[in-house]
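**Student:** predicted coordinates and the sequence they were generated for:
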There are 2 protein chains.
Amino acid sequence: MQEVRDYIGKHKDRFISELFELLRIPSVSAQPAHKGDVNAAAEWLKKSLDSLKCDKVQIFQTPGNPVLFAEKKAGDGLPTVLVYGHYDVQPPEPLNLWESPPFEPVIKNGKIYARGSCDDKGQLYMHLKAVEVMNQLGGIPCNLKFVIEGEEEVGSVNLEAFVRANRELLSCDIVLVSDTSIVANDIPSITVGLRGLAYMQVELTGPNRDLHSGTYGGAIDNPVNVLCRMIASLHDKDKRITIPGFYDDVRELSTSERTKMQGRPFDKSAYCKELDIADTSGEKGYNEIEWVSIRPTLDVNGIWGGYTGEGAKTVLPSKAFAKISMRLVPDQDPEKITGLFDKHFKSIAPETVKVKVTNLHGGRGAVVPVDSVAYRAAEAALTESFGKAPIPAREGGSIPIVAMFREVLGADTILMGFGLDSDAIHSPNESFGVFNFLKGIETIPGFYRHYSKSVK
Amino acid sequence: MQEVRDYIGKHKDRFISELFELLRIPSVSAQPAHKGDVNAAAEWLKKSLDSLKCDKVQIFQTPGNPVLFAEKKAGDGLPTVLVYGHYDVQPPEPLNLWESPPFEPVIKNGKIYARGSCDDKGQLYMHLKAVEVMNQLGGIPCNLKFVIEGEEEVGSVNLEAFVRANRELLSCDIVLVSDTSIVANDIPSITVGLRGLAYMQVELTGPNRDLHSGTYGGAIDNPVNVLCRMIASLHDKDKRITIPGFYDDVRELSTSERTKMQGRPFDKSAYCKELDIADTSGEKGYNEIEWVSIRPTLDVNGIWGGYTGEGAKTVLPSKAFAKISMRLVPDQDPEKITGLFDKHFKSIAPETVKVKVTNLHGGRGAVVPVDSVAYRAAEAALTESFGKAPIPAREGGSIPIVAMFREVLGADTILMGFGLDSDAIHSPNESFGVFNFLKGIETIPGFYRHYSKSVK
């Protein structure tokens, strides 16, 4: 343990400067202009994996972005852990809100600021550096495989086909993912629940061209006004979602489960202050911790239409657009929910507009069992590195691949992430604590050690 | 009359190619980047007016864009007509919907396609060419003054101060404006009513930064969803505007006035087909002709917030914006309406968002008397040039300066425009018929002749 800490202490500056190289590559998967950068990030990681003396490192092309695979064998009788991560990042927009450029990483107040610093390049790179540490200190205690994709932020569209086609190559006993958070730096936690996602783009077309709002205004259903009306109607006054059938498959928690959840500390006034809001707001009958974990949501992620430049343009727009996504909980099926949304959204449109609904991506929610050998290994590793036992926590985000790995590879996933909710992932000024980055590198070898011991 | 037609027939190609020069200058007043182009358009017009042997041509600087003044005297005992026009144009966006570039004029199917071709460069330039025609055929029959501004599309913010400061210089018997439409090329009309305008930008701020929609979604009032709800609530199910006091000053027309209005031909199925909409939609108790003329409206001219790029970004936006304008009718006061909107909009916001309302511009509606000497002169001129008497028509658009000229100069305005509703002003592919451009040049000298005769 102390050896690991010493090695990290000695090499931490180099670890960080290596990570900075990766963070400088703007591998934004949602924007076709960054296709070259996405490939460059995959190549960069391949070189890094090569330097770790893996038995096999390979870039697989897909119809979308490449998938990296690497394997490092410890011995035939030992269990195999498949580490999953992603090298693509969210779009950095709006750029004007970044205090430093998103692809020029800097350290301020002990945090690394850059797009992807936490989600997921920083957390992924912890795993590579953990291998370096183990290489230097006696070798790895179990077999390792890496599968690293470049399309997580756009719905992992080609990963499932890749996994299905390479079942043998990816076979493992457990999947390990660091793409989640701990509650606080002094409250370690392991994520045991994730929400699913259904993400749609809607397009309304009114008149076939932008019109003069004086000449035509009053006689034409303005598609922006109509879109607002339709979106407003998707929640009722209790903030419940009005799509018929939406709640049919929602797994309701028992009173005792709900009571247990309240063990997680939550300081509402600090939460509101940190976000500069007067109050929280959510579905009637539940509270903040439940709103962001066990309850489904519907949010507009983006809206646009008409004139959005400077000054006044008296236009009656032809079109209005919105990106609308729903966070789903077990056992909501994203395909079913997408179908319900599509049908409902079209049904509430007046005949004066044409509606197009495009399914952008989706994924299932997941709940991780807390009584497994792997969960206990993670618990032991975190207890050692943080000096405190981790608590099980549900997160509001989505990692749809968890359900897919279970189905295709028959393997459960351990979500051992080291970020913080305040890391502003998907937002301007994303950051990842230097403490968290190094603590991850320190904890991961412990997981392998405990896991290998328990399985043997 | 025939002389005028012959001269126009002989010189029309030159007239059009001169207008093309003016149309090539992207004098977009709403966009600061075009400030130089705005000045260039004023200079171009100054040269053109100089060539018409005016007694005085001058560019006046204002805190915003320059105002052009020109004077051409016919004789002391003769009446004076003040011609008003504007050389600024609407922003051309969205550019991808233009079939040819907005500032590269072309003629297709007998129409001049370019931003500003109809609104108002083409209609303004008719007046300059009418002076050329009269210069060549015996001189002008009355005194002429020109006042041409560069801020009409952004609310004529500096014009009133200019007019107030130059009352003597601008003194006149009547104002003549060509910035409106005729019903059809075989149905000449004179505009006798215009709507006013109140134009606002609203900004909602929820959390102080964009958030991850998984981590925070469900517990935070999303400002885009809130904005949609607020906008949706601004109309009731009868499409009446819900702002308290909004209709208090609306002048209701008598049954006989409303009956007379129906004289204007309206083919609903052709109207819907031309716009590719299934149906019109408007305030309960009124019809299409009334919706766009004697009734006030509220339309979103633009909306934006969150991620609007390609693909999916799971962001819970910090801010949401909209441009919202109201067309007003006599006797609604734009300042009063702006105040009512501001108060109401803030009152319907939940405490979870901060609201900012910015007044972008406004102007009063106007009704023009049809029993005046000037109206009858316009009627006679149009009857001669079109071979058919014009009908009085109300238009839905706004020319706020009409009320201002009445108040400051004590002069009424004749709205003798030659555009068509289908000219797509303020929209992509704005056009102005060559027929209409030349018919304007032909009609204007007739107005001066008849007006001068009747006043003497």
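**Tutor:** Happy to help now that I have it. Residues are numbered from 1 along each chain as shown, chains lettered A, B, ... in the order given.
**Student:** following element in sequence after the helix or strand bottoming out on mean pLDDT in chain A, please.
**Tutor:** None of the helices or strands of chain A scores lower by mean pLDDT, DSSP states H and E than strand A:366-367, at a mean of 80. The helix or strand immediately downstream of strand A:366-367 is helix A:373-386, counting by DSSP states H and E.
**Student:** C-alpha coordinates for that following helix, PDB please?
**Tutor:** This file holds the C-alpha atoms of helix A:373-386, laid out as PDB (Å, rounded to 0.1, in the frame of the first residue of the first chain):
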ATOM      1  CA  VAL A 373     -17.600 -10.700  -4.500                       C
ATOM      2  CA  ALA A 374     -16.600  -7.800  -6.800                       C
ATOM      3  CA  TYR A 375     -18.600  -5.200  -4.900                       C
ATOM      4  CA  ARG A 376     -16.900  -6.300  -1.700                       C
ATOM      5  CA  ALA A 377     -13.500  -6.100  -3.400                       C
ATOM      6  CA  ALA A 378     -14.300  -2.500  -4.400                       C
ATOM      7  CA  GLU A 379     -15.500  -1.700  -1.000                       C
ATOM      8  CA  ALA A 380     -12.300  -3.100   0.600                       C
ATOM      9  CA  ALA A 381     -10.100  -1.200  -1.900                       C
ATOM     10  CA  LEU A 382     -11.800   2.200  -1.200                       C
ATOM     11  CA  THR A 383     -11.800   1.500   2.500                       C
ATOM     12  CA  GLU A 384      -8.000   1.200   2.300                       C
ATOM     13  CA  SER A 385      -7.300   4.200   0.100                       C
ATOM     14  CA  PHE A 386      -9.800   6.600   1.700                       C
END
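**Student:** figure out how far that helix is from the centre of its chain.
**Tutor:** 22 Å (Cα atoms, centre = their mean, to the nearest Å).
**Student:** buried ones in that helix?
**Tutor:** A:373-375, A:377-386 (16 or more other Cβ atoms under 10 Å in any protein chain shown). The way it works is simple: take the backbone N, C-alpha and C, and place the C-beta from them, glycine included.
**Student:** helices and strands around it, which ones?
**Tutor:** When contacts are defined as 3 or more Cβ pairs under 8 Å, 6 or more residues apart in numbering or on different chains; DSSP states H and E, helix A:373-386 packs onto strand A:189-194, strand A:413-415, helix A:434-455.
**Student:** can you identify the element that follows it toward the C-terminus?
**Tutor:** Counting by DSSP H and E, what follows helix A:373-386 is strand A:391-394.
**Student:** what are the boundaries of the strands in the stretch 251-400 of chain A?
**Tutor:** A:297-306, A:315-316, A:319-328, A:354-363, A:366-367, A:391-394 (DSSP state E, counting those that start in this stretch).
**Student:** actually the stretch 1-150 of chain A, sorry about that
**Tutor:** A:56-60, A:67-72, A:80-86, A:106-108, A:111-113, A:143-149.
**Student:** out of these, flag the one nearest residue B:153.
**Tutor:** Nearest of the strands of the stretch 1-150 of chain A to residue B:153, taken as Cβ to Cβ: strand A:111-113 at 41.7 Å.
**Student:** direction included, what does that closest one pair up with?
**Tutor:** Counting by DSSP bridges, the strands paired with strand A:111-113 are strand A:106-108 (antiparallel), strand A:431-433 (antiparallel).
**Student:** of those, flag the one that's most buried.
**Tutor:** strand A:431-433 (a mean of 27; mean count of other Cβ atoms under 10 Å in any protein chain shown).
**Student:** for that strand, give the mean pLDDT please.
**Tutor:** Averaging pLDDT along strand A:431-433 gives 98.
**Student:** swap in stretch A:438-456?
**Tutor:** 94.
**Student:** which strands and helices sit next to the least confident helix or strand of chain A?
**Tutor:** strand A:189-194, helix A:401-409.
**Student:** reformat these as TSV; add distance to chain B and mean pLDDT.
**Tutor:** Converted to TSV, the helices and strands packed on strand A:366-367 look like this (distance: least, Cβ to the nearest Cβ, whole Å; pLDDT from 0 to 100):
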stretch	distance to chain B	mean pLDDT
strand A:189-194	8	90
helix A:401-409	13	90
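**Student:** name the stretch among these that sits most buried.
**Tutor:** Using mean count of other Cβ under 10 Å, strand A:189-194 ranks as the most buried of the helices and strands packed on strand A:366-367, with a mean of 23.
**Student:** relative to residue A:199, how far out is residue A:157?
**Tutor:** As for residue A:157, its distance to residue A:199 is 12 Å (criterion: Cβ to Cβ, to the nearest Å).
**Student:** now do the shared contacts for these two.
**Tutor:** Here residue A:157 and residue A:199 have residue A:361 as joint contacts, going by Cβ atoms under 8 Å, 6 or more residues apart in numbering or on different chains.
**Student:** report the secondary structure state of the residue of chain A most remote from its centre.
**Tutor:** Using Cα atoms, centre = their mean, the residue of chain A lying farthest from its centre is residue A:215. It sits 47.3 Å away. Three-state call for residue A:215 (DSSP: H, G, I helix; E, B strand; the rest coil): coil.
**Student:** nearest residue to whatever residue of the stretch 1-150 of chain A ends up closest to chain B in space, please, no chain neighbours.
**Tutor:** In the stretch 1-150 of chain A, the residue that lies nearest chain B is residue A:30 (3.3 Å; Cβ to the nearest Cβ). Using Cβ to Cβ, 6 or more residues apart in numbering or on different chains and skipping the chain neighbours, the partner closest in space to residue A:30 is residue B:311 (3.3 Å).
**Student:** likewise residue A:35?
**Tutor:** Per Cβ to Cβ, 6+ apart, closest to residue A:35 is residue A:65, 7.9 Å.
**Student:** contacting residues for the one you found?
**Tutor:** So residue A:65 contacts A:29, A:35, A:38, A:39, A:42, A:88, A:149, A:150, A:151, A:158 (Cβ under 8 Å, 6+ apart).
**Student:** phi, psi for the residue nearest to the fifth one when sequence neighbours are not counted please.
**Tutor:** The spatially closest residue to residue A:42, leaving aside those adjacent along the chain, is residue A:66, at 4.6 Å (Cβ to Cβ, 6+ apart). Residue A:66 adopts backbone torsions of phi -70, psi 150, taken as degrees, to the nearest 10.
**Student:** wait, residue A:66 sits on residue A:39?
**Tutor:** Yes - between residue A:66 and residue A:39 there is a contact under Cβ atoms under 8 Å: 6.6 Å.
**Student:** end-to-end on stretch A:60-79?
**Tutor:** Stretch A:60-79 stretches 25 Å from its first residue to its last (Cα to Cα, to the nearest Å).
**Student:** mind checking how far that stretch is from the chain centre?
**Tutor:** With Cα atoms, centre = their mean, you get 21 Å for stretch A:60-79.
**Student:** next: stretch A:353-364.
**Tutor:** That offset, for stretch A:353-364, works out to 20 Å (Cα atoms, centre = their mean).
**Student:** same check on stretch A:278-295?
**Tutor:** Using Cα atoms, centre = their mean, the offset of stretch A:278-295 from its chain centre is 20 Å.
**Student:** equivalent analysis for stretch A:183-196, please.
**Tutor:** Distance, centroid of stretch A:183-196 to centroid of chain: 13 Å (Cα atoms, centre = their mean).
**Student:** dump it to CSV, keeping only the CA atoms.
**Tutor:** Extracted in CSV, the C-alpha atoms of stretch A:183-196 (Å, rounded to 0.1, in the frame of the first residue of the first chain):
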residue,chain,number,x,y,z
VAL,A,183,-20.4,11.6,-2.8
ALA,A,184,-17.5,13.8,-1.5
ASN,A,185,-13.8,13.5,-1.1
ASP,A,186,-14.3,12.5,2.5
ILE,A,187,-17.4,10.3,1.7
PRO,A,188,-16.3,7.6,-0.7
SER,A,189,-19.1,5.8,-2.5
ILE,A,190,-19.8,3.1,-5.1
THR,A,191,-22.5,3.7,-7.7
VAL,A,192,-25.1,1.0,-7.4
GLY,A,193,-27.9,2.5,-9.6
LEU,A,194,-27.9,4.4,-12.9
ARG,A,195,-30.7,5.9,-14.9
GLY,A,196,-31.4,5.1,-18.5
